[in-house]
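**Student:** here's a sequence, model it:
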Amino acid sequence: MYDVSGAEDFNNMSSKIISAKADLAVKPGKTLTGWVGLWALALLSAGGNVVPALAEPLACDDGIKTAFHPDADTTVVAVRLVKKGEELAAQDVPKPPMAAAADLCLVKLLVGPGVTAEKDSAARSYSQGIGIEVWLPTLANWNERIRNYGGGGWVGGGHRFADKIGSKAPAIVNANMGYASGTTDAGQPWYQDGSFAFLSDGKVNAEAFRDFSVRAMLEQAVKTKQLVSLYYGKAPKYTYYDGHSQGGRQGFKIAQDYPELYDGYMIAAPALSIPMFGTTALYPQIVMKTDLGYTAANKTEATAFAAKVEAANKRAVAACDKAGLGFLLNPFQCGYDPARDPAALCAGVAGNGVTGSNADAATCMSLKEAIALDKIWFGATADGSFDAAQTSDSRGGKSLGAGQLWWTFTKGTAIGPSIISASTDSIALALQDARYAADASTASAIPITNGSTTVRNKWLELDYRGLADAVNTYVALQPTLFSNLATDKADLAKLRDLGRKVIVYNGLADDAIPPAGSINYHERVAAAMGGHAEVQKFMRMYLLPGAAHSSQGRAYTVSGQNNSVPLPKLPGNSNQTPTREQDQFFTALVDWVEKGVAPGEIMLTSRDNSVSFPVCVYPQMTTWNGSGPVTAASSFNCR
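**Tutor:** Below is the predicted model:
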């Protein structure tokens, strides 16, 4: 029957953890190190098993509600048997054709205590805890591994509700493939809505950031392993984390501070350094307001400028695309300047050493517009200055340019949304004032809702200096109000010493998170850990030319969607039962963790099968040899 010795040890530890958690729940300014460390210790000391030895696995029924009680804060909300072929409305695919490839058991958890400071249950800042979904294949189909999946943006979702599905498509596909897969709503149910970040009295919701920044991922790791061990009657052989964007940041948070919780980490386009890139995302609006006299609130003017920026972007790619691919292999080397291009400037306009020749009023730029674009491409500064001769190292994250606050998007990347809308959530949080958030007419995402005030768009009052002050304030508040959401710790000695492995990849045409930020983090890790050769023993990063921001793989050129951009094969809605070869980066991680085979070059092919090339272990980058046909993989190498 049941061997409960391990469970007794675990429950004794749990009682201490609950006490520590209760102490911290009413003191959100504190860090999580104390009780989180106890969680990790408890998990490891118990071998990951609530009940180490079972005669047989559990059935997928309400008996799990009785059997699974790891602590007083955890409730099993629902248990649902999903039959093979059943259509599933994933959070990012609300309508079928998501489907279960085999029978699955979906277990939904709620882990308290949630937000104790918010008493209004109707407020979006109200939360009873962290919602978790765990997808469990049948014992016969389970590959004895966990592959937990991260969230995106402001996360949220239906995890805590019995009649909804909160998980994103890749998590369900992971389960289709035979992995047990857990996901979390990061502590709030409102999908992709940052309104939870402010309490109903207008103050920053520090408890929510405690959960969002770190605690939700810890509970996800611990509770998934506990449930999996109980359900199957044995612990998993290996545990993995897989996440993109905010999910990538979530994975890095655990890898940096609690790496023992997983054997391997698959991290894509991570949202590292949110205090910097999140606040400086408003910079295009500051440039437009100061230099051109309008913002996204002026729809006609902003839309017209966005069209001119797109035209200049096309010229930048044409000028720097030596291979003729239609996208840039290394956009950091592109020094295109519209103020020095007669074809970009309106006919007769005196530029920097040239005279404009473009007679198309819809696409040509005045000198002011060209310089405004130069400022946007340079990145935020405290005074609107820029360096048209910016070096490739400065563009590429190795060093900030003169006066530069943070990096921006590469040339060839779609930046139209930052011209016609305002990204303000981080600004409002930095200034601890919801009035700085954009209203529905200008917001780039779901507008922040808060009952303390109906005033919005105070971001329009900011100037260059005001934006810089917001950046610095947000950074300074990270350890207290925001539970170190920045996630930029460079010392990975614990991860290295434990033998854990990390694979990271970033698209070089990422249109949501500037890729130079990830490069800067990697460079900082290399500086802290003995250089790139030492870092490559436990973490390897790949830079993907032409790839935009998407957990499913998405190519972008300034001409729109481009099926000739080589992309990784990834599990998702259009790839619901991938083979090893169709799960490229994760397969490389598994082979590294389980076989000791460190990944090298990874060959990518475009969706129309017209172009193939290798992507490289950073600091090497994909390079055209200068003469071979760009349709042939042999024409490219890593250097």
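
**Student:** can you give me the helices in the stretch 1-150 of the chain?
**Tutor:** Remark: helices assigned in the stretch 1-150 of the chain by DSSP state H, counting those that start in this stretch are 5-25, 33-45, 63-67.

**Student:** mean pLDDT lowest for which of these?
**Tutor:** Confidence, taken as mean pLDDT, is least for helix 5-25 of the helices of the stretch 1-150 of the chain (a mean of 36).

**Student:** helices of the stretch 401-550 of the chain, start to end?
**Tutor:** Under DSSP H, counting those that start in this stretch, the stretch 401-550 of the chain gives helices at 416-420, 425-430, 464-476, 493-498, 515-529, 532-535.

**Student:** out of those, which one sits most buried?
**Tutor:** Highest mean neighbour count of the helices of the stretch 401-550 of the chain: helix 425-430, a mean of 27 (counted as mean count of other C-beta atoms under 10 Å). Yep, even glycine has a C-beta here, placed from its N, CA and C like the rest.

**Student:** which strands or helices does it pack on?
**Tutor:** Packing contacts for helix 425-430, counted by 3 or more C-beta pairs under 8 Å, 6 or more residues apart in numbering; DSSP states H and E, involve helix 274-280, helix 464-476.

**Student:** and the next element down the chain from the shortest one?
**Tutor:** This points to helix 274-280. helix 283-287 (DSSP states H and E).

**Student:** okay, Gly572 and Asp608: tell me how far apart.
**Tutor:** 18 Å (C-beta to C-beta, to the nearest Å).

**Student:** ok, the two, which is more surrounded?
**Tutor:** Ranked by neighbour count (other C-beta atoms under 10 Å), Gly572 and Asp608 place Gly572 first, with 21 against 10.

**Student:** Gly278: which of the helices of the stretch 401-550 of the chain is closest?
**Tutor:** Checking the helices of the stretch 401-550 of the chain against Gly278 by C-beta to C-beta gives helix 425-430 as the closest, at 3.2 Å.

**Student:** residues in contact with the closest one?
**Tutor:** Contact with helix 425-430 is made by 154, 194, 197-198, 204, 274-275, 278-279, 281-282, 434-437, 445, 448, 459, 462, 467, 470-471, 473-474, 477, 482, as judged by C-beta atoms under 8 Å, 6 or more residues apart in numbering.

**Student:** how about the helices and strands packed on helix 425-430, which one is nearest Lys234?
**Tutor:** Using C-beta to C-beta, the helices and strands packed on helix 425-430 put helix 274-280 closest to Lys234, at 38.6 Å.

**Student:** now do the contacts for the most centrally placed residue in the chain.
**Tutor:** By C-alpha atoms, centre = their mean, the mean C-alpha position of the chain lies nearest to Ser245, the distance being 1.3 Å. Ser245 makes contact with Gly150, Gly152, Gly153, Ala268, Ala269, Pro270, Ala271, Ala512, Ile513, His549, Ser551, according to C-beta under 8 Å, 6+ apart.

**Student:** highest neighbour count among those?
**Tutor:** Gly150 (34 neighbours).

**Student:** can you give me the end-to-end span of stretch 621-639?
**Tutor:** By C-alpha to C-alpha, to the nearest Å, the extent of stretch 621-639 from end to end equals 6 Å.

**Student:** now find how far off-centre it is within its chain.
**Tutor:** Centroid separation for stretch 621-639 versus its chain: 30 Å, with C-alpha atoms, centre = their mean, to the nearest Å.

**Student:** before we move on, the earlier item: need the helices and strands packed on helix 425-430 in JSON lines (columns: mean pLDDT).
**Tutor:** What follows is the helices and strands packed on helix 425-430, written out as JSON lines (pLDDT from 0 to 100):
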{"stretch": "helix 274-280", "mean pLDDT": "98"}
{"stretch": "helix 464-476", "mean pLDDT": "98"}
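
**Student:** low-confidence stretches in the protein?
**Tutor:** 1-55, 556-561 (pLDDT under 70).

**Student:** strands of that one, start to end?
**Tutor:** Remark: strands assigned in the chain by DSSP state E are 74-82, 104-111, 130-137, 145-149, 181-184, 238-244, 264-268, 501-507, 539-544, 566-567, 602-606, 612-615, 622-624, 636-638.

**Student:** need these in CSV with distance to Gly531, can you?
**Tutor:** CSV is the format used below for the strands of the chain (distance: least, C-beta to C-beta, whole Å):
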stretch, distance to Gly531
strand 74-82, 43
strand 104-111, 40
strand 130-137, 39
strand 145-149, 31
strand 181-184, 35
strand 238-244, 26
strand 264-268, 21
strand 501-507, 17
strand 539-544, 13
strand 566-567, 29
strand 602-606, 22
strand 612-615, 21
strand 622-624, 22
strand 636-638, 18
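
**Student:** so which of the ones you listed comes closest to Gly166?
**Tutor:** strand 130-137 (5.6 Å).

**Student:** which elements pack onto the closest one?
**Tutor:** With contacts taken as 3+ C-beta pairs under 8 Å, 6+ apart, strand 130-137 sits against strand 104-111, helix 169-176, strand 181-184, helix 216-232.

**Student:** out of the ones you listed, which is the most enclosed?
**Tutor:** Among those, highest average neighbours (mean count of other C-beta under 10 Å) belong to strand 181-184, with a mean of 32.

**Student:** name every strand pairing with that strand and say which way it goes.
**Tutor:** Counting by DSSP bridges, the strands paired with strand 181-184 are strand 130-137 (antiparallel).

**Student:** tilt between the partner strand and helix 216-232?
**Tutor:** Interaxial angle, strand 130-137 versus helix 216-232 (axes from the mean of the first three to the mean of the last three C-alpha atoms, to 10 degrees): 40 degrees.

**Student:** send me strand 130-137 as CSV with only the CA atoms.
**Tutor:** Extracted C-alpha coordinates of strand 130-137, given in CSV (Å, rounded to 0.1, in the frame of the first residue of the first chain):
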residue,chain,number,x,y,z
ILE,A,130,-2.1,31.2,-8.2
GLY,A,131,-4.0,29.1,-10.7
ILE,A,132,-2.1,26.0,-12.0
GLU,A,133,-3.1,23.5,-14.7
VAL,A,134,-1.3,20.2,-15.0
TRP,A,135,-1.8,18.1,-18.1
LEU,A,136,-1.1,14.4,-17.4
PRO,A,137,-0.8,11.7,-20.1
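
**Student:** buried sites along it?
**Tutor:** By neighbour count on 16 or more other C-beta atoms under 10 Å, the buried set for strand 130-137 is Ile130, Gly131, Ile132, Glu133, Val134, Trp135, Leu136, Pro137.

**Student:** for the residues you listed, which one is nearest Val107?
**Tutor:** When the buried residues of strand 130-137 are ranked by distance to Val107 (C-beta to C-beta), Val134 comes first, at 4.8 Å.

**Student:** wait, Asp73 touches Gln128, no?
**Tutor:** No. Judged on C-beta atoms under 8 Å, Asp73 makes no contact with Gln128 at a distance of 10.1 Å.

**Student:** between these two, which contacts overlap?
**Tutor:** Gly112, Pro113.

**Student:** which one's more surrounded, the two?
**Tutor:** Taking neighbours as other C-beta under 10 Å, Asp73 and Gln128 compare with Asp73 leading, 19 against 16.
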